[in-house]
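Enquirer: Predicted model, plus sequence, below.
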Amino acid sequence: MIRKLGNRSSVGFTLIELMVVVVIIGILAALAIPRFMTSAAKSKQSEAQQLLKQIYSMQRSYFMLHESYCLNGVTASSAAPQAYAYINVEILLPARYTYSMAASQNTFTCTATANIDDDATIDTWTINDAGQLINTINDATS
């Protein structure tokens, strides 16, 4: 904007114009931030999905060799990354989830739990010996 003020010209924006820009940016941020947070939480859930599928595959392989499932009552996390080494599954150090195994001779269920967005809801995933991967509590949508 160029304005003539008597003999001199002034270049710049008025306070009203700047306030309109700030309001527009605020509205755009209010719309974008919740969607970004939901997308980030959903991407964090992929850790549980991938690792539970790997645990399922390795438990099935173990079952084919030994005719029973293993690791009943064993919990694995980034603090105990080698807890599932018996079935060749390693929990990498940046892992967000904790994995708990309940196994008998013919069945198993592995549960992954984590608070992925710092609220009171705990995201919970399970997989069983039939390969059913279920998100029982979805922290990404709460």
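Expert: Happy to help now that I have it.

Enquirer: can you pull the contacts of the closest residue to residue 101 other than its chain neighbours?
Expert: The shortest distance from residue 101 to any non-neighbouring residue, by Cβ to Cβ, 6 or more residues apart in numbering, is to residue 71 (4.5 Å). Bear in mind the C-beta positions are built from the backbone N, C-alpha and C, glycine included. Counting by Cβ atoms under 8 Å, 6 or more residues apart in numbering, residue 71 touches 59, 83-84, 86-87, 101, 103, 108.

Enquirer: Can you flag the buried ones in the residues you listed?
Expert: 59, 83-84, 87, 101, 103, 108 (16 or more other Cβ atoms under 10 Å).

Enquirer: sorry, back to before: ramachandran angles for the residue nearest to residue 101?
Expert: As for residue 71, its main-chain torsions (degrees, to the nearest 10) stand at phi 70, psi 30.
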